[in-house]
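Colleague: With the input below, show me the fold.
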Amino acid sequence: MSPKVSREHKEQRRSDLINAARRVFIKKGYEHTTMKDVMDEAGVSRGGLYLYFDNKEDLFEAVIQEQFIDAIDEMSKHHDSYWDVLLMSFLGENKEPSDEMDPLAPSKLEYFITGRNHSSRQEHARKRYQQAYEWMTDIIEKGVEAGEFKPRYAPEVLAKALISHIDGLAMDHAILDAESIQLKEQTEWIIGYLAWGLGVEKD
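Modeller: You can find the predicted model right below:
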């Protein structure tokens, strides 16, 4: 087997393991998931999993990062405007408010909150926030350059505000439920506030 084929095989195997892990984390949460659970879901041996990931924390970080990369790739392919891209960043491809939340959100909250005193998790939290902030700021700035946005606040402030709102909703949703927090209605409010802050004229 050539090096190229071998590399592609390893990349596919790693991707398969990440997808299996995502399913388990969604079902069981971060704290209750074990590496054995992921092995069983993926149908691999202990060695087959540990060849790619050192521990559960390493695996979960890969799941989060892969989700972020996949979302960026999807948004870059399917959008008609920078406003669409921002909506897709927290509403998904249909860009419509609903009572649905990222199914991985509760596990993310477990991971970061229970690990608030772990330096490695704190570092990953800072990296994740910085990635989202820089990406969102860049989208807003491109929208300004294209004449689509006429923001009332600096792009970096709007980006941070949106991230904080979405993270707050994710936490409330994980603890309570969509109906209790009126997830759809709050999301509609966020869209209206964002449109106002960006100077977007909605139909």
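Colleague: From now on I want contacts and neighbour counts done on CA atoms only, so please keep to that.
Modeller: Fine.
Colleague: Which positions in the helix or strand harbouring residue 72 come out as buried?
Modeller: Taking DSSP states H and E as the criterion, residue 72 maps to helix 56-77. Under the neighbour-count criterion of 16 or more other Cα atoms under 10 Å, helix 56-77 has 56, 59-64, 66-68, 71, 74-75 buried.
Colleague: I would like the residues contacting it, please.
Modeller: Outside helix 56-77, the residues within contact range by Cα atoms under 8 Å, 6 or more residues apart in numbering are 18, 19, 21, 22, 34, 35, 53, 85, 88, 89, 93, 124.
Colleague: Among these, which are located in helices?
Modeller: Taking DSSP state H, the ones among those that sit in helices are 18, 19, 21, 22, 35, 85, 88, 89, 124.
Colleague: measure the nearest residue in space to the second one that is not next to it in sequence to residue 155 for me?
Modeller: What sits nearest to residue 19 in space, not counting adjacent residues and going by Cα to Cα, 6 or more residues apart in numbering, is residue 63, at 7.5 Å. In this structure, residue 63 lies at 28 Å from residue 155, with Cα to Cα, to the nearest Å as the measure.
Colleague: just to revisit the earlier point, could you identify the most distant pair in the ones in helices among the contacts of helix 56-77?
Modeller: 35 and 85 (35.1 Å; Cα to Cα).
Colleague: in stretch 77-85, what's buried?
Modeller: Those would be 82, 83, 84, 85, for stretch 77-85 by 16+ other Cα under 10 Å.
Colleague: Take the residues you listed and lay them out in TSV including pLDDT and distance to residue 113.
Modeller: Formatted as TSV, these follow (pLDDT from 0 to 100; distance: Cα to Cα, whole Å):
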residue	pLDDT	distance to residue 113
82	94	32
83	94	31
84	92	31
85	93	29
